[in-house]
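>>> With the sequence up front, the predicted model follows.
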Amino acid sequence: MLENPRSPRVRAVAKLTKRSARQETGLFLLEGPQSAREVLLHRPETLVEMYATPTAMERHPDVRDAARDAGIDVQFTTEAVLDAMADTVTPQGIVAVARQSPTSIRDVFAHAPRLVAICEEVRDPGNLGTIIRAADAAGADAVILTGRTVDLYNPKVVRATTGSLFHLPVAVGVDLATAVERAHSAGLRVIAADVGGEDFLASRHVLAEPTAWLFGNEARGLDDEALAHADMALRLPIYGSAESLNLATAASVCLYESAFAQRAAS
C-alpha cells in the first residue's frame, strides 16, 4: 500500500498534470473508472501503471478483472495518495499512467476515410475532448489536431473524451496545410465551420461526400489563412436568441449531419 503522498513515485505521477513532464516522459495521466475501463478494453498495451484504493476496486470489479486479464498489477494506495496524484478534486479512487500513442497523419488517410475532424487552434480542453467524443459517436474515421491546438494528453482533454481517445485514431502536431493536402489527396472535401460561411441547409447535399470538417478557435474562429485552405465554409443557423453556439456543440451538429447524410446515401 502506498501511503506517503510526498514519495518520489507519487510525485512522478502527479507531475504528469504538467505538459513539460508529459513531453519529457511520453506518458500521460488517466483518472477515474471510465478512463481505466476504456484503456483496458481498447489499448491495454499502452498502460504502464495503475493505482487504486481498495474501496474503488471493490466498487468497480470489472476494472479489477480487466486489469488482471491484461497482466496489470494494481498498486493499492490511500485516499491521500490518490488525491496527491490526480488532477481532479475527486479522482474516484483510480489513477493510471499510460504511454502516449498518437496516430501518424499518413496512417489517418491510409484506409480511405470518409469523415474526419480537423481542429485548428482549439484551445479549451473541454471543447477538444468533447469534439473527439462527438467524432467517435458520429462514426468519424479520425481526428487531426494542428500544432496550435491544446495538448491531446492534457488531463482535462482526456477526461472530456470519456474514453473515446482510445476508440479512434488521433493525429497531433500536424501542420494545417499538410492536413488539408492529405485530405484532398484522399478524395475528401474540406469544409470549414464558420459564421461567415454559406447557409448550411442550402448546401446540405454536399455532406454525403467524403468530408473533412475544419473547426477553429473558440473565440476567433478560423483566420483568413486557415479559411483559404477549405473548399467551402458553412454556417449553422441560429433560430433562437442565442448569440452563438459553443464550438463543441457546433462541431457535434456538423459531424452528425455528415454521418446522417453519408449513411442515407450508402
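Received it, and whenever you're ready, just let me know what you need.

>>> how about low-confidence regions in this structure?
For the chain, applying pLDDT under 70 flags no range at all.

>>> Could you export the helix ranked longest in it as PDB, CA atoms only?
In the chain, taking DSSP state H as the definition, the longest helix is helix 247-265. This file holds the C-alpha atoms of helix 247-265, laid out as PDB (Å, rounded to 0.1, in the frame of the first residue of the first chain):
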ATOM      1  CA  LEU A 247     -17.700  25.200 -30.500                       C
ATOM      2  CA  ALA A 248     -18.100  21.600 -29.300                       C
ATOM      3  CA  THR A 249     -21.800  21.800 -29.800                       C
ATOM      4  CA  ALA A 250     -21.500  23.200 -33.300                       C
ATOM      5  CA  ALA A 251     -18.900  20.500 -34.200                       C
ATOM      6  CA  SER A 252     -21.200  17.800 -32.900                       C
ATOM      7  CA  VAL A 253     -24.000  19.000 -35.200                       C
ATOM      8  CA  CYS A 254     -21.700  19.200 -38.200                       C
ATOM      9  CA  LEU A 255     -20.300  15.700 -37.700                       C
ATOM     10  CA  TYR A 256     -23.700  14.200 -37.100                       C
ATOM     11  CA  GLU A 257     -25.100  15.900 -40.200                       C
ATOM     12  CA  SER A 258     -22.300  14.300 -42.200                       C
ATOM     13  CA  ALA A 259     -22.900  11.000 -40.600                       C
ATOM     14  CA  PHE A 260     -26.600  11.100 -41.400                       C
ATOM     15  CA  ALA A 261     -26.000  12.200 -45.000                       C
ATOM     16  CA  GLN A 262     -23.400   9.500 -45.700                       C
ATOM     17  CA  ARG A 263     -25.500   6.700 -44.200                       C
ATOM     18  CA  ALA A 264     -28.600   7.800 -46.100                       C
ATOM     19  CA  ALA A 265     -26.600   7.800 -49.400                       C
END
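
>>> And the contacts of it?
If you take CB atoms under 8 Å, 6 or more residues apart in numbering as the criterion, helix 247-265 is touched by 114-115, 117, 122, 124, 126-127, 130-131, 134-135, 137-140, 191, 193, 200, 204-205, 207-208, 211, 213, 215-216, 218, 234, 236, 245. Backbone N, C-alpha and C define where each C-beta goes, glycine included.

>>> Drop anything exposed from the residues you listed.
114-115, 117, 122, 124, 126-127, 130-131, 134-135, 138, 140, 191, 193, 200, 207-208, 211, 213, 215-216, 218, 234, 236, 245 (16 or more other CB atoms under 10 Å).

>>> Looking at those residues, which are in strands?
Residues of the buried ones among the contacts of helix 247-265 located in strands (DSSP state E): 115, 117, 191, 193, 211, 213, 215, 234.
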